[in-house]
Every structure is written in C-alpha cells, then in structure tokens.
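**Student:** Here is the input, now give the coordinates:
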Amino acid sequence: MFKCFFKKQAFLFLLFMLVSCENQNLKSQLFLEHNFLKIIDAEAHPEGFTQRKITKLKKSEKTIIQLDPKIAYNEDADELLVDFFDKNPFYKDQFKDLIYDISYNEFSIDHKFAKQIGGYSIHFNSSRATDEPRDKNTERFAVKNFKSFDNKAMLVLSKTENKHIIVSVLLFVKNKSKWAIVKREILAKT
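**Tutor:** Numbers count the residues shown, from 1 in each chain. Below you'll find the model as predicted:
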C-alpha cells in the first residue's frame, strides 16, 4: 500500500516538474517574441533604421533574420559577461540576483514563435532561408546566456555579418508591464 502511494507521489512530482519546466520555457520564448524588435532592431540596422522605415520596405527588400532556435548557455559568453560586470559596478549591483543565479533559461524556440515580426521574416535554420535571395538584407543572430527573474532579464546576442561576429549584452528592466533595455553594449568583435 505504501509503495503504491509513493509511486503515485513520485509520478505527480515528476509531472509537476515537467509542466513547470514547459511553463518556464514558454515564458522565456514569449519574452523573446514580445521583445524581438527591441532586441534585433538596433543590431540589424545600426544606422538608426526605425521600425516605420522597415515596414515600408518592398517585399523583396524585407530583412531576413536567421535565428538560432537553441537558446543555451555559452561559457565564452559567460566570461565576457564577467568582464562586463567587473567594468560596470552599477549594473553589477542592479543585476546581482541574475548574476549570482547559476541557472540559465535553456530551451529551443518552438513552432509557435512568430515567423513575421515588423519588417522581419524569421527563419530558424539555413535551409529555409535559402528559399529567399541571399543579399545585404539577411542577418544571422543567436541568443545565449538568457536569464530572467521577476523584473530583470539579460541575454547575450551574437550577430554574424560578412564573416564577422559581434557579441553584445542586453540588460532589461520591467517597468509596470513593459520591458525596456537599460543597457546594450558590445562585448566583442571578430
């Protein structure tokens, strides 16, 4: 009788953990989707392209984003973050809860992620993007070392452009119900 009870308890606990992880992954994916334009816009168009100009582009001039669907921890990016926070004590203090939390939100973007946001056409692997013409309007991005807790979030964004990689950190603070980027800084260029 006790064995049956404990098996049921263990099963319920595992089920709870599975649902909890799926819920956290969904929240993380929704964060990326809802803040996509804030995250990508300035990186894709450093000349100061505004969203209004992007939406007026002709269909053939649409910006194609190849987004790595795997959001994971990257040790090299972590080393860059340590250096960044050592040089920026104000942000180190403001984001200490995230910095000292050793868990990262690791997940893969699922099929529910929007394929069109603003003037961007989003693809999650290179085979799909080859359907579109390769030109100056194609950008490649990867999100790494993503963490969020309560009203703060941070991520490392890498952009591949003409065989060069630009790695940036983005720090977010939630004010009421909206997320805002409070700091965006380039960490490395290759």
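**Student:** contacts and neighbour counts: CA atoms only from here.
**Tutor:** Will do.
**Student:** doesn't His164 make contact with Ser158?
**Tutor:** No: using Cα atoms under 8 Å, Ser158 makes no contact with His164, being 10.1 Å away.
**Student:** Of these two, give the one with the bigger neighbour count.
**Tutor:** Higher neighbour count among Ser158 and His164: Ser158, with 22 against 10, using other Cα atoms under 10 Å.
**Student:** Excluding chain neighbours, give the residue nearest to that one in space.
**Tutor:** Val167 (4.3 Å; Cα to Cα, 6 or more residues apart in numbering).
**Student:** Would it be right to say that the one you found lies in a strand?
**Tutor:** Yes: Val167: assigned to a strand according to DSSP: H, G, I helix; E, B strand; the rest coil.
**Student:** I figured it was touching Leu155, is that so?
**Tutor:** No: Val167 is not in contact with Leu155 according to Cα under 8 Å; the separation is 10.5 Å.
**Student:** shaky segments in the chain?
**Tutor:** 1-26, 42-62, 125-137 (pLDDT under 70).
**Student:** show me where the chain has strands.
**Tutor:** In the chain, the segments counted as strands under DSSP state E are 63-67, 70-71, 107-108, 116-117, 120-123, 138-149, 152-161, 164-175, 178-189.
**Student:** mind checking which of those is nearest Leu80?
**Tutor:** Across the strands of the chain, Leu80 has its closest neighbour in strand 178-189 (6.4 Å, Cα to Cα).
**Student:** partners of that closest one, with directions?
**Tutor:** In the sheet, strand 178-189 lines up against strand 164-175 (antiparallel) (DSSP bridges).
**Student:** can you pull the buried residues of the strand it pairs with?
**Tutor:** By 16 or more other Cα atoms under 10 Å, the buried positions in strand 164-175 come out as 166-173.
**Student:** how about the closest residue in space to Lys70 that isn't next to it in sequence, what does it touch?
**Tutor:** Among residues not flanking Lys70 along the chain, Ser108 sits closest, at 4.4 Å (Cα to Cα, 6+ apart). With contacts defined as Cα atoms under 8 Å, 6 or more residues apart in numbering, Ser108 is in contact with 69-71.
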